[in-house]
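Chemist: predicted structure and sequence below. I'll ask about it afterward.
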Amino acid sequence: MDFKKRVLCIGAGYVGGPTMAVMASRCPDYKVTVVDINEDRINQWNSENLPIFEPGLDEIVKQTKGVNLFFFADIPTSIREADIVFVSVNTPTKTFGYGAGMASDLQYWEKTANQIIEHSINSKIIVERSTLPVKTAQAMERILKSKNNGLHFEVISNPEFLAEGTAIKDLLEPDRVLIGSHQTESGLKAAREIVDIYSHWVPRGKIITMNLWSSELSKLVANAVLAQRISSINSISALCEKADADISEISFAIGSDSRIGSKFLNASLGFGGSCFKKDILNLVYIARSYGLFEVADYWEMVIKINEYQKERFIRNIIETMFNTVVNKKIALFGFAFKANTTDTRESPGIYVAKKLIEEKALLSITDPKALENAKIDLAGMDSTVVYEPDPYKATDDASAIVLVTEWETFKALDYESILKRMKKPAFVFDGRNILNRRQLFDIGFNVYAIGKPPLNHFD
Ligand code: NAD
Ligand code: UGA
């Protein structure tokens, strides 16, 4: 079949895979190829067991794979063929040298730019899909121009706003699609080509075009503002625990103000995920490198409150369990950084598990989808940890349940039968405020939730 355009995506991860599957399903006139340096990942995409779990992903990949969606390990050939290249390689926090622990590590990104100039035989549009520091497109352009081979590479910023667990829905019905370009004739022409792709399924009013640097920076700011809301409510949860107020009631009260809105006000044991912390650190680093110290300090507090919240949660567990958890079995309910994903990157579960292991507790971890990743995260320090798919078995002889991830299945368990399996006094520490505290208390648990007065049988 003759395709209108050939789109390539470099990076077959959490963003590249789902994004391109949705694009292929909505643009049958485009050929969409996805490549990755990790051949195992490509093989998984080509198998029945996709490398990531997202509700709705399997179906959409089944409809399109081999029709106009192709997962391929041959990067040079794919680059040669492509008209438009989306780049969604990882951009983790730098762990070495200047900016270690703060700046973005752009080595994967730079390698991609070099691969593109090495193998290109036609001019292309290069689309930044990874989250990048503002002005990265400038560096990309300098690399792409360095070969002086007569080809023209127009760099466009098109940041991704999907959240894991709802990726397919977010991609099919995005709040907005952002396309940033140089405001030059060739920049605007390239932006129009990207608008054409999204117009296949996104209403034109939701496709926002703007200046390249505003687009790059908008992505960092979107994540910073979302995380800031969580840190704001989490900071107030500490105050609620002192003042006998209830954080859920406060979230409801303030969220009912249409100027504030109700989303991202759920108090928790802290936010996780591969991006919030990394992107805010990057924003802080950029602000500091421009000498904007007050701006940097302001955003850094969002991270500090998150660390404080995780630490506060674990300290409360230990103090409540009579200041020792040595040899006590503790069931961790959940390990993924949020529900409906296998992803555990920066999960608060990692922090909680490591601290409890240090305190010599005996952990039994249960999670509907993330146990394999949990094993990788705790490798080397998990000689006493049990990974148990069945939440009931995970609670056998346990002294406490620590709820880390808000999986629906945890709400529907038979807690009376769980209580019978557990040692007494039995504790529940709900790090997500999803369990029915009053009911758990009434059947005999001592219940501690985030930002709510404890319900215990000791007084
Ligand atoms: P990921 O680690 O799941 O996937 C990145 C992939 O890129 C990996 O499979 C890696 O092998 C591949 N890769 C790296 N260098 C390569 C190269 N030179 N050639 C070919 N392949 C290469 O990462 P992700 O979660 O998909 O995130 C990608 C980017 O998107 C990051 O910048 C992230 O900040 C951003 N983002 C992520 C999400 C999310 O929900 N995960 C959402 C929005 C934006
Ligand atoms: C987040 C953003 O929501 C996406 O728009 C963005 O594209 C993505 O980061 C990215 O750049 O990677 P994600 O990290 O997948 O998406 O998931 P979120 O739903 O934002 O949750 C992040 C963390 O905050 C999770 O640990 C979640 O449990 C926690 N959270 C979320 C709270 O503690 N309280 C809330 O009210 C909401």
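Modeler: Right, received. Where do you want to start? Numbering: from 1, shown residues only. Ligands and ions are numbered 1, 2, ... in the order given.
Chemist: rest of the way, CA atoms for contacts and neighbours
Modeler: Noted.
Chemist: quick one: the strands in the stretch 351-459 of the chain?
Modeler: Remark: strands assigned in the stretch 351-459 of the chain by DSSP state E, counting those that start in this stretch are 362-366, 386-387, 400-403, 427-430, 446-449.
Chemist: and these as JSON lines, adding mean neighbour count and distance to K242?
Modeler: Below are the strands of the stretch 351-459 of the chain laid out as JSON lines (neighbours: other C-alpha atoms under 10 Å; distance: least, C-alpha to C-alpha, whole Å):
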{"stretch": "strand 362-366", "mean neighbour count": "25", "distance to K242": "29"}
{"stretch": "strand 386-387", "mean neighbour count": "17", "distance to K242": "35"}
{"stretch": "strand 400-403", "mean neighbour count": "25", "distance to K242": "21"}
{"stretch": "strand 427-430", "mean neighbour count": "25", "distance to K242": "17"}
{"stretch": "strand 446-449", "mean neighbour count": "25", "distance to K242": "13"}
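Chemist: got the contact list for the residue nearest in space to the middle of the chain?
Modeler: Geometric centre of the chain, nearest residue: G273, 3.8 Å, by C-alpha atoms, centre = their mean. Contacts for G273 (C-alpha atoms under 8 Å, 6 or more residues apart in numbering) come out as 337-338, 343-347.
Chemist: and the pLDDT at it?
Modeler: pLDDT for G273: 97.
Chemist: for K338, see how far away it is.
Modeler: Noted for G273: a distance of 8 Å to K338, by C-alpha to C-alpha, to the nearest Å.
Chemist: also T19?
Modeler: 20 Å.
Chemist: list, one by one, the residues from the chain near ligand 1.
Modeler: 10-16, 36-38, 88-91, 108, 111-112, 130-131, 160-164, 275 (C-alpha under 6 Å from any ligand atom).
Chemist: so which of those sit within strands?
Modeler: By the criterion of DSSP state E, membership of the residues of the chain next to ligand 1 in strands covers I10.
Chemist: so where do the strands sit in the stretch 101-250 of the chain?
Modeler: Ranges of strands in the stretch 101-250 of the chain, per DSSP E, counting those that start in this stretch, are 124-128, 153-157, 177-181, 207-211.
Chemist: buried deepest among those strands, which one?
Modeler: Burial of the strands of the stretch 101-250 of the chain is given as mean neighbour count (mean count of other C-alpha atoms under 10 Å); strand 153-157 ranks first at a mean of 26.
Chemist: packing partners of it?
Modeler: Strand 153-157 sits against strand 124-128, helix 136-145, strand 177-181, helix 185-198, helix 212-243, with contacts defined as 3 or more C-alpha pairs under 8 Å, 6 or more residues apart in numbering; DSSP states H and E.
Chemist: circling back: just the buried residues of the residues of the chain next to ligand 1.
Modeler: Among these, those buried by neighbour count (16 or more other C-alpha atoms under 10 Å) are 10-16, 36, 88-91, 112, 130-131, 160-162, 164, 275.
Chemist: just those that are near ligand 2?
Modeler: Subset of these in contact with ligand 2: 160-162, 164, 275, counting by C-alpha under 6 Å from any ligand atom.
Chemist: nearest to L239 among these?
Modeler: Nearest to L239, judged by C-alpha to C-alpha, of these is C275 at 27.3 Å.
Chemist: so what's the spatially closest residue to the closest one that is not a sequence neighbour up against?
Modeler: Closest residue to C275 apart from its sequence neighbours, by C-alpha to C-alpha, 6 or more residues apart in numbering: N223 at 7.8 Å. Counting by C-alpha under 8 Å, 6+ apart, N223 touches 275-276, 279-280.
Chemist: tell me which of those residues fall in helices.
Modeler: 276, 279-280 (DSSP state H).
Chemist: near ligand 2, list only the ones from those residues.
Modeler: Applying C-alpha under 6 Å from any ligand atom to the ones in helices among the contacts of N223, those adjacent to ligand 2 are F276.
Chemist: which of the ones in helices among the contacts of N223 are buried, as a ChimeraX select command?
Modeler: To isolate the buried subset of the ones in helices among the contacts of N223 in ChimeraX, counting by 16+ other C-alpha under 10 Å, use the following:
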select :276,279,280
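Chemist: between the ones in helices among the contacts of N223, which sits nearest F264?
Modeler: Nearest to F264 out of the ones in helices among the contacts of N223 is F276 (C-alpha to C-alpha; 12.9 Å).
Chemist: how close does the closest one get to R176?
Modeler: Applying C-alpha to C-alpha, the value for F276 to R176 is 19 Å.
Chemist: could the helices and strands packed on strand 153-157 go into CSV alongside distance to ligand 2 and mean pLDDT?
Modeler: Compiled in CSV, these are given as follows (distance: least, C-alpha to the nearest ligand atom, whole Å; pLDDT from 0 to 100):
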stretch, distance to ligand 2, mean pLDDT
strand 124-128, 13, 96
helix 136-145, 17, 86
strand 177-181, 12, 98
helix 185-198, 17, 98
helix 212-243, 5, 97
